[in-house]
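*Asks:* my questions are about this predicted structure, shown below with the sequence.
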Amino acid sequence: MLPKIRLISLNMNYCTGNTDWIFINSTDPLCQLQLASFIYLFFLILVAFSRNKILIYVRLTIDPMASICEEHQEKVYTIGHYSSRMCMVSFSWAYYSIVNRYQNTITGQFFAHTHFDELTLSYNETDSKQSVGFIQTLLQNNGLITSIELNVPESIIFNEEVIDEFITKEIQQGFPGAALIISRYGKILKQTVYGYKLKYDENAKIIQQPQLLILDTMFDLASLTKMYATNYALMHLVEQGMLNIDDPVKKHIPQYCGCNPDKECREARLIKDLLTHTAGYAPSVKFYDPEKVSSDLFSQDKHETEDIIETKLGFQRSRSGDQLPVYSDIDYMLLGLVVEHISGMSIDQYVKINIYQPLCLTHTLFNPLNNTNYQKSNFAATELNGNTRNHTINFPNVRTHVLQGEVHDEKSFYSMNGLSGHAGLFSNLNDMSILTQIMLNNGTYGNVKFWSKNVQDLFLKPYAYDPTYGLGWRLNRNKSLSWFGLYASDEAYGHTGWTGICTVIDPQYSMAITLLTNKRHTPYINGSFDGEKYETGKYGKIMTLIYESMLLHKDPSRKLRASAMSD
């Protein structure tokens, strides 16, 4: 090989059990590839005792040589072939988790297989960062590549430094922390963290050793729970024929009946009324605070709260065919209960079994501190004084400590035991990139189908009286939502979360963006969190910079927003 260049050859068929070929039929006739026999034999011994055989294989293959090359400032290229589709999800996760540790050393990855009509080339123009970027599809003839184009920089232009500079400057000015992942055409283009997961103590003082964010740090997704747990569950149920959006809610929750004094009746409410936030519920009800609700609505018990929502809670507005949406957490608390009644499972178990486990997601779950695999240091912190807003709010059992790994939302934590359709989900960058990719794939991932394109199109259809609403999803149809930024296409959709979370999915550019921040992990002064004043926590400026960094704002095929973005 050339000086300072090393190759690592990977057996990507391990999960089928067929590993002998790479040992017997060497891919390294000149002994220049660095897959040592003793590593392979050691691997065979260990896998018998391993719960994660694929991860151990990748570690034993890549870790030793990459570590040596890093020490000697050499560059590494990995080569392999596409395994069977049954292997790819597990192998991709294991491969990425290791390769990402050597961002300055592994600068190129090449994969090919004669069984597929494509070749994936992961390429980075610079040595400073490892970005899994561009997919180059090539024609093949009888297993031989007839042409290849390596003109990657001209194919995807991405000036990520402008994004890094902007967020880093705001971190230096006081914004606590942010994590950003961008994918295009099914590959991760950028995955970067900035700042701290824990910076302040409960006295709003900067701690002696602030804890830096890392790529695996998990965030409280707040209202993104509505999309990536409840909506995904509902779309899956519609695909299975177990739910119709025109169903009365009462069909699935028999006790959901009765009327207000003004004759607004539960029996008239449909599933789609909840999804479009037109059922007539108040934006929020403070079940947990006896000073804010009547005695019959007070509850800090999940089962009592469920009964209140299903049989006692009245409507604030009437329901009619031209009702404009009023965003309400209650709608999604009730939709979470619909999932539970239909499936016979709690909302967390339903999405775990039917969505997250098939995707091999290990960092997406409810009540994560109940899982022995996690501790507080795995999470980005939120409010400094529990739910007290600098000790200006008080109610029974209120938390006063720095929240880290506990759902912030009061209704979810106090009244629903952390298991609710509107809030309670935690996740990290890698898992979110997979969850958003499902939407770009029209309901599939790898060889797993969760719902059809028809079902997805149904949930993304603009609501007639407010086109910024789909079924749960927020849409960029009239450019009124500033968090989409200036240049997201009319096809873009997504959602935000109160803790500082935003996802934008843009099919026109085959792009998904997840921005996770902990903007609430800042002092609460004069009625607001200090983190709210920064543009990173408003999302729109970052989204604008992302599109500009790829020159997508100059795309003549899209319509630019006529007016300036408002705050």
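*Replies:* Perfect, I can see it now.
*Asks:* skipping adjacent residues, who's closest to D530 in space?
*Replies:* Computed as Cβ to Cβ, 6 or more residues apart in numbering, the closest residue to D530 that is not its neighbour in sequence is T522, at 4.0 Å. Backbone N, C-alpha and C define where each C-beta goes, glycine included.
*Asks:* surely that neighbour is within a helix?
*Replies:* No - with DSSP: H, G, I helix; E, B strand; the rest coil as the criterion, T522 is located in coil rather than a helix.
*Asks:* ok, now which ones touch it?
*Replies:* Counting by Cβ atoms under 8 Å, 6 or more residues apart in numbering, T522 touches 174-176, 200, 384, 529-531.
*Asks:* including distance to C502, neighbour count and pLDDT, could the residues you listed go into a markdown table?
*Replies:* A markdown table is the format used below for the contacts of T522 (distance: Cβ to Cβ, whole Å; neighbours: other Cβ atoms under 10 Å; pLDDT from 0 to 100):
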| residue | distance to C502 | neighbour count | pLDDT |
| --- | --- | --- | --- |
| G174 | 20 | 15 | 98 |
| F175 | 14 | 28 | 98 |
| P176 | 16 | 31 | 98 |
| Y200 | 22 | 21 | 97 |
| L384 | 22 | 25 | 98 |
| F529 | 16 | 21 | 98 |
| D530 | 19 | 19 | 97 |
| G531 | 14 | 22 | 97 |
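*Asks:* give me the below-cutoff pLDDT ranges for this protein.
*Replies:* Low-confidence regions of the chain, defined by pLDDT under 70, span residues 1-77, 79-156, 319-322, 555-567.
*Asks:* what strands line up against the biggest strand by length in it, and which way round?
*Replies:* For the chain, the strand that runs over the most residues, judged by DSSP state E, is strand 187-200. Applying DSSP bridges, strand 187-200 is found paired with strand 177-184 (antiparallel), strand 206-212 (antiparallel).
*Asks:* which of these is buried the deepest?
*Replies:* strand 177-184 (a mean of 25; mean count of other Cβ atoms under 10 Å).
*Asks:* quick revisit: out of the strands paired with strand 187-200, flag the one nearest D490.
*Replies:* For D490, the closest of the strands paired with strand 187-200 is strand 177-184, at 18.2 Å, according to Cβ to Cβ.
*Asks:* what is the most widely separated pair among the contacts of T522?
*Replies:* Pairwise distances across the contacts of T522 peak at 14.9 Å for F175 and L384 (criterion: Cβ to Cβ).
*Asks:* show me what contacts K190?
*Replies:* 131, 158, 160, 163, 180-182.
*Asks:* which one of the residues you listed is nearest to R269?
*Replies:* The nearest member of these to R269, counting by Cβ to Cβ, is I181 at 37.2 Å.
*Asks:* list the contacts for that closest one?
*Replies:* By Cβ under 8 Å, 6+ apart, I181 lies in contact with 188, 190-192, 429-430, 432-433, 513-514.
*Asks:* let's have the contacts of K190 in a markdown table, adding distance to L237.
*Replies:* Putting the contacts of K190 into a markdown table (distance: Cβ to Cβ, whole Å) gives the following:
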| residue | distance to L237 |
| --- | --- |
| S131 | 37 |
| F158 | 38 |
| E160 | 39 |
| I163 | 38 |
| L180 | 32 |
| I181 | 28 |
| I182 | 31 |
